[in-house]
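J.: here is a sequence with its predicted model. Questions after.
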Amino acid sequence: MKRYKVTVTTAADGTATAYTPRLSGKIHQIEYVKTDYANGVDFTITGEATGVGLWAESDVNASAVRAPRLATHSQVGVASLYAAAGTAVQDKIALANDRVKIVIAQGGATKVGAFHVLVD
């Protein structure tokens, strides 16, 4: 497993965009480590090439860990379920030679936070 740490500093308007290096593998989790972002910071974290959603959350006030998963489907595009009309089967999200894009809003002027992306 590899850890990619990205430290993100916001601009005067409280926004920022940052990227991991190119990576390949399944995303196990994303850890946000609060340094001094303003309370109520918003995150939108995606795969850069495809835009696949990894973490979108508003009004975050403290360090947090998320383990993003994606619903699975059959070969004909039908949702895989644990039981008929039941809960969706989910699996880790894979990226191939892609970067994780981290977009911050409402983080406060020139504030810092860090993101750790764990990939296997």
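T.: Thanks, I have the structure now.

J.: and residue 24, what does it touch?
T.: Going by C-beta atoms under 8 Å, 6 or more residues apart in numbering, residue 24 touches 95-98, 119. C-betas here are computed from N, CA, C, even on glycine.

J.: and what of residue 118?
T.: Neighbouring residues of residue 118 by C-beta under 8 Å, 6+ apart: 1-3, 27-31.

J.: got a winner among those for most neighbours?
T.: residue 27 (25 neighbours; other C-beta atoms under 10 Å).

J.: any idea which helix or strand comes after the helix or strand containing that one?
T.: According to DSSP states H and E, residue 27 maps onto strand 23-34. Downstream of strand 23-34, the first helix or strand assigned by DSSP H and E is strand 41-47.

J.: helix or strand right after that following strand?
T.: Counting by DSSP H and E, the next helix or strand C-terminal to strand 41-47 is strand 53-60.

J.: who does that following strand pair up with?
T.: Strands that pair with strand 53-60, judged by DSSP bridges, come out as strand 41-47 (antiparallel).
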